[in-house]
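>>> How does the following fold in three dimensions:
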Amino acid sequence: MQNVMQMEEQEERVKGSRKRDRVIEESKPFILCIFSNVCFAGYNIVSKVALHKGMSRYVLVVYGYAFGTLATALFAFLFERKNESKINVQILRNVFFLGLLGGALGSTLYYMGLEYTSPAFTSAMANMTPSITFILAVLCRMEQFDISKPGTQAKIGGTLAAFAGAALMTLYKGVAVITMHTKSSHQIAGTSKSSTDAEWLKGSLVLIVSYTSFAASYILQTSTIKMYPAPITLTSLTCLSGTLLSTIMAAILDHKASSWKLSWNTLLAPMYCGTVIYGITFYVQTLVVITKGPVFTTAFRPLATIVVAIMGLLILGEAIYLGSVLGAFLIVLGLYATLWGKKKEKEKKSMDHGISQQAIDINLEK
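Got it, this is the predicted structure:
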């Protein structure tokens with residue numbers, strides 16, 4: 001009798017352990033997505049502080065991609081050293097344009113927009129990227145465009161809502177909804193440049209161009225990863241390309257030798273960008289995309305906007321304006337509409353594939 005009870009207790013412990021392991025395994029993608037978005041939020045704040053400390057936006061891109069090259073090369077050696085894919089001329093050409101679109105052009109314009117606006121504003125505008133990517137994919141004939149399908153209608157509606165939100169954030173600043181009037185916040189905010197309405201408009205337009213450049217690089221990356229299925233190594237090569245191209249740009253546009261000097265006040269931003277964003281966060285997102293898909297990963301993007309708004313309010317003492325809140329709401333609404341449309345199209349493709357497979361099996365049976 002005692003042996004039976006001991007066996008039952010052991011079985012219950014095993015079941016409890018399996019259930020706990022299953023819960024941990026199911027919650028892992030959520031935890032990784034939250035972690036990566038908190039990292040992205042910190043990147044906005046750290047970069048803003050570095051720019052306010054006087055660091056050149058061109059040099060910040062160079063050092064960020066240089067640290068990123070080192071970090072991703074280490075990860076590639078650890079996780080992809082057995083990769084047997086060959087690098088050809090076409091892949092090298094794509095890597096060049098990835099470094100140009102995402103590094104020299106996209107990142108430089110991103111820092112310029114961040115300098116003229118605020119971290120919360122910049123993060124909110126980033127939610128437009130899926131809509132811009134959809135437009136570019138349609139123009140490149142990589143995306144089906146059938147207006148009669150609900151998925152396409154949702155993506156069109158989401159894109160229009162995102163651009164309406166971006167226009168609202170750009171043209172209407174509004175009153176300050178939330179501000180911090182503590183002494184410490186004014187001291188921190190005093191170190192930054194005050195954004196005039198003209199700078200706000202300029203920064204908004206620059207950010208739209210920046211995210212268009214990033215979207216174009218995402219489309220090119222999608223086709224490149226099919227030819228060279230080693231994402232970390234590809235990221236390392238892209239960082240190297242971005243480092244070389246942004247160095248040339250910095251040498252042309254910033255002639256001051258003092259701009260290249262790193263101090264303890266400005267060292268954190270490029271190190272954070274290179275190690276945390278390119279090294280850790282990109283790898284974490286790759287793991288989530290493999291298990292849950294890109295739609296699941298992108299759905300957490302608005303979380304970074306919320307975290308950035310809170311951090312910017314508490315650390316930089318930057319106010320949150322009504323135009324930014326309303327515009328961000330429309331952009332996030334457009335983001336989820338676009339994601340829903342992509343999900344519906346994916347489900348439709350899976351259903352059509354299943355039906356065609358069944359038809360083939362029936363014909364074979366006959």
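>>> Burial check on residue 73, number of neighbours?
For residue 73, the neighbour count with other C-beta atoms under 10 Å is 18. Heads up, the C-betas are built off the backbone N, CA and C, glycines and all.
>>> What about the closest residue to it other than its chain neighbours, how many residues nearby?
Leaving aside its chain neighbours, residue 73 sits nearest to residue 236 (4.8 Å; criterion: C-beta to C-beta, 6 or more residues apart in numbering). Using other C-beta under 10 Å, residue 236 has 25 other residues around it.
>>> Assign residue 236 to helix, strand or coil.
Three-state call for residue 236 (DSSP: H, G, I helix; E, B strand; the rest coil): helix.
>>> and the next element down the chain from the lowest-mean-pLDDT helix or strand in the chain?
In the chain, no helix or strand scores lower on mean pLDDT, DSSP states H and E than helix 183-189, which sits at a mean of 44. Following helix 183-189 in sequence order, the next helix or strand is helix 197-227 (DSSP states H and E).
>>> Can you give me the buried ones in that following helix?
200-204, 206-208, 210-221, 224 (16 or more other C-beta atoms under 10 Å).
>>> Span of stretch 264-283 from start to end?
27 Å (C-alpha to C-alpha, to the nearest Å).
>>> if we can go back for a sec, distance-wise, check the residue nearest to residue 73 relative to residue 242.
From residue 236 across to residue 242, the span is 11 Å (C-beta to C-beta, to the nearest Å).
>>> joint contacts of those two?
Here residue 236 and residue 242 have residue 68 as joint contacts, going by C-beta atoms under 8 Å, 6 or more residues apart in numbering.
>>> Same question for stretch 335-353: list its buried residues.
Neighbour-count burial for stretch 335-353, counted by 16+ other C-beta under 10 Å, picks out 335, 336, 337, 338, 339, 340, 341, 342, 343, 344, 345.
>>> can you map out the strands along this structure?
For the chain, applying DSSP state E gives strands covering 176-178, 320-321.
>>> so what's the backbone phi/psi at residue 147?
Main-chain dihedrals, residue 147, degrees, to the nearest 10: phi -60, psi -20.
>>> The residue lying closest to residue 303 once chain neighbours are set aside: what's it in contact with?
Sequence neighbours aside, residue 37 is the residue nearest to residue 303 in space, at 4.4 Å (criterion: C-beta to C-beta, 6+ apart). By C-beta under 8 Å, 6+ apart, the contact set of residue 37 is 300, 301, 303, 304, 307.
>>> Same check on residue 161?
For residue 161, the contacting residues are 330, 331, 333, 334, 337, by C-beta under 8 Å, 6+ apart.
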